[in-house]
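# Let's see this in three dimensions:
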Amino acid sequence: FKATIIRMMLSQESYCSDVLLSPSKASIPSVLHPLIHKSFLTAINTSPSSTFTIALSGGSLPSFLSTLSESFIDAKIDPQWDRWHVILADERLVPSTDDDSNIRAIRQSFLDKVPIPSSQIHGIDESLLASSSSSTNAADVAAEYQTRVLEPLISSQGTTNTGEEGAKTVLDCVLLGFGPDGHTCSLFPDHKLLNETDLLVAGIEDSPKPPPQRITLTFRALNELSRDVIFVGTGGSKRPILEATFKSATSTSKNEGVNESLKYEVTLVDPPVYPCGMVRPRNGTLSWIVDADAAQDLAIFNPLPSTVKASDCFCSLL
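All right, here's what the predicted structure looks like:
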């Protein structure tokens, strides 16, 4: 992975991302959903298999998808749910009925409301979880997931959907959160998995956050196989992560509508400080969506004189 970051830094002077600042947490869906619409249309129109593969993480992110179906209707876009494939950006090694299960949260907020075929919703193989006669091995669960889910997706793309250096774009859209410690997926600061360069899906036995056993997409999958990566973060606890991840910003537009947002182009700090800042798709786009609380008092996001607080800026948008 370190070698990949070095190649990125050598291949371009800086890595840039779009940042969309939402007036509030409640308005995040109205900012997020159009990006998903755009990613979906790109996939359906360009993918050799005419499918849309989306990777989802857990935490608070699934709650922002509860009205995604309605947003497609409002935008007059046919979502063609039978063409969707849903995979997990990471998962806790617990049964899907457990409160800690990411797939459970995703089902409750999103999947139970849309007719995506169950065979195209790719959870972990729960037969590999601990039982009275065996224990769970995170590496085995990860290897099974990579073999059953990721590798067939790579094969299905053929040679058409390729980018720089022939890299295949397998994950059309990846929706991620990030923690107040800067972790994303189950990639935590200073963990050995940050240096994983071979696997697409890795197991973790010692997660700093419970439960300790998980599987996660690696940076190889996120950076080399993903087209549109979208981070979503809300609340003041995320502010220090944003401050350490973004070096500079240029205001590019103001989105008009019921829930207005500001759009910036930002330059990422090199070298990255936190795992979330290490996600930089080589052949795709990177976007961050954050709310006013997360951006509060961050000077690079302030389009007004420095004497005006970020909260004042957003008051004019409400």
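
# where do the strands sit along the stretch 51-200 of the chain?
Listed in chain order, the strands of the stretch 51-200 of the chain (DSSP state E, counting those that start in this stretch) span 52-56, 84-88, 90-92, 121-122, 171-176.

# ok, the longest one: who's next to it in the sheet?
Sheet pairing for strand 171-176, assigned by DSSP bridges, gives strand 52-56 (parallel), strand 226-233 (parallel).

# Over to the second one?
On the basis of DSSP bridges, the sheet neighbours of strand 84-88 come out as strand 52-56 (parallel), strand 121-122 (parallel).

# For stretch 184-197, buried residues please.
Buried positions in stretch 184-197, judged by neighbour count with 16 or more other Cβ atoms under 10 Å: 184-188, 191, 193-194, 196. For the C-beta atoms, the positions are set from N, CA and C on the backbone; glycine is no exception.

# Give me the residues contacting that stretch.
Outside stretch 184-197, the residues within contact range by Cβ atoms under 8 Å, 6 or more residues apart in numbering are 1-4, 57, 89-90, 176-178, 181-183, 202, 204, 207-209, 214-220, 222, 231, 274-276, 278-279.

# same check, this time on stretch 134-146
88, 93, 122, 124-125, 128-130, 199-205, 213-216.

# Please flag which of these sit within helices.
If you go by DSSP state H, these have nothing in helices.

# hmm, back to that, I'd like the strands paired with strand 171-176 as CSV, with distance to Leu68 and mean neighbour count appended.
Listed next are the strands paired with strand 171-176 as CSV, based on distance: least, Cβ to Cβ, whole Å; neighbours: other Cβ atoms under 10 Å:
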stretch, distance to Leu68, mean neighbour count
strand 52-56, 10, 25
strand 226-233, 13, 25
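
# just to revisit the earlier point, quick one, which of the contacts of stretch 184-197 are buried?
Here, 16+ other Cβ under 10 Å leaves 1, 4, 57, 89-90, 176-178, 181-183, 202, 204, 207, 214-220, 222, 231, 274-276, 278-279 buried among the contacts of stretch 184-197.

# re the thing from before, of all the strands of the stretch 51-200 of the chain, which lies closest to Ser24?
Of all those, strand 171-176 sits nearest to Ser24, with 19.2 Å by Cβ to Cβ.

# can you give me how far that closest one is from the chain middle?
Here strand 171-176 is found 5 Å from its chain centre; the criterion is Cα atoms, centre = their mean, to the nearest Å.

# what about Asp291, distance to Val266?
Distance, Asp291 to Val266, by Cβ to Cβ, to the nearest Å: 16 Å.

# out of the strands of the stretch 51-200 of the chain, nearest to Thr46?
Taking these one by one with Cβ to Cβ, strand 171-176 is closest: 9.2 Å.

# So what touches that closest one?
32, 36, 39-40, 42-43, 47, 52-57, 61, 65, 87, 89, 153, 184-185, 217, 221-222, 225-232, 276, 279.

# do the same with stretch 31-48
Residues contacting stretch 31-48 (Cβ under 8 Å, 6+ apart): 20, 22, 50-54, 64, 67-68, 71-72, 75, 77, 79-80, 83, 156-158, 160-161, 172-173, 175, 227-228, 230, 232, 255, 259, 261, 287, 289.

# cutoff 6 Å now
Contact partners of stretch 31-48, identified using Cβ atoms under 6 Å, 6 or more residues apart in numbering, comprise 20, 22, 50, 52, 64, 68, 71, 75, 77, 158, 160-161, 172-173, 228, 230, 261, 289.

# three-state assignment of Leu20?
Secondary structure for Leu20, judged by DSSP: H, G, I helix; E, B strand; the rest coil, is strand.

# ok, it touching Asp291?
No. The pair Leu20 / Asp291 is not scored as a contact, 10.0 Å apart, by Cβ atoms under 6 Å.

# More neighbours: these two, which one.
For Leu20 versus Asp291, neighbours defined as other Cβ atoms under 10 Å are more numerous around Asp291 (24 against 21).
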